[in-house]
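*Asks:* take this sequence and fold it.
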Amino acid sequence: MNDKLRNIANPQVEAASPTARESWRMFGIMAEFVEATERLALVRPAVSIFGSARIAPDHPYYLQAEKVARLLSDAGFSVICGGGPGVMEAASKGAFHGKSPSVGLNIQLPQEQQSNPYQNISLTFRHFFARKVMFVKFAAAYVVLPGGFGTLDELMEALTLIQTGKSRRFPLILMNAAYWQGLLDWFRERLVSEGMIAAEDLDLLQVIDEPEQVVDAIFKHYEGRGFEPLPHEHELLLNL
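*Replies:* Numbers count the residues shown, from 1 in each chain. Reported below is the predicted structural model:
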């Protein structure tokens, strides 16, 4: 890939007019989409796992993420995560030691995210939105463990895309019921009761604590149809 497409710090680009710099930026964004699409083309079926970057390897959430990722990997799913520490590292580690690829979608941050070493396929993005598209585009399911703003951002993005028909419907599984209970209660007591969402929109979410049951729920969703996107779903993914 031409580095000028991704590195706007190139002196010639920095010296250009604002309009020219914006044009180069568009090429950089295109390059991220092209590279990621080409490198992830063969990872399906895959499951995207999310959760806090701030937990230690001895934390129960870390151990849970590692276990569910290992089970998914051994069941034939590539595991996609953010490539960093915490739950991301746990998910990468579980998949890395399983039978299917561990995929890390790393992000460049002002304070550099440290990539974890358990990645069979590693990509680095400058733009959050390009990275978020890849999480959705290649996922047969989302598994969401406790986390902060970034985790909530990924969850809400997927909920919005499915609710509005911009993405195919796939399992959105929350692990650790106690952590999510307050948010789910607020959804019911505020969003549903005040008409901000329909009651059936809550059916897009499942809460499952046991790793083995997470794997079973994903297989159940695709029972009788297979994991590959159906023709109309493929069109949706092309137009994310």
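
*Asks:* going by C-alpha atoms from here, please, whenever you check contacts or count neighbours.
*Replies:* Will do.

*Asks:* any weak-confidence spans in this structure?
*Replies:* Residue ranges of the chain with pLDDT under 70: 1-16, 112-113.

*Asks:* again, only using 90
*Replies:* 1-31, 33, 36, 41-42, 108-114, 127, 224, 228-240 (pLDDT under 90).

*Asks:* quick check: can you list the domain ranges of it?
*Replies:* The chain breaks down into these domains under automatic domain parsing: 1-39, 42-238.

*Asks:* what's the distance between Lys132 and Gly150?
*Replies:* Using Cα to Cα, to the nearest Å, Lys132 is found at 11 Å from Gly150.

*Asks:* what do you get for Arg25?
*Replies:* 24 Å.

*Asks:* what about the two, which has more around it?
*Replies:* Remark: of Arg25 and Gly150, Arg25 carries more neighbours, 18 against 13, as counted by other Cα atoms under 10 Å.

*Asks:* tell me the helix or strand right after the host helix or strand of the more buried one.
*Replies:* Assessed by DSSP states H and E, Arg25 sits inside helix 18-39. For helix 18-39, the following helix or strand on the C-terminal side (DSSP H and E) is strand 46-50.

*Asks:* what packs against the following helix or strand past that following strand?
*Replies:* Following strand 46-50 in sequence order, the next helix or strand is helix 60-74 (DSSP H and E). Applying 3 or more Cα pairs under 8 Å, 6 or more residues apart in numbering; DSSP states H and E, we find helix 60-74 packed against strand 78-81, helix 87-96, helix 211-222.
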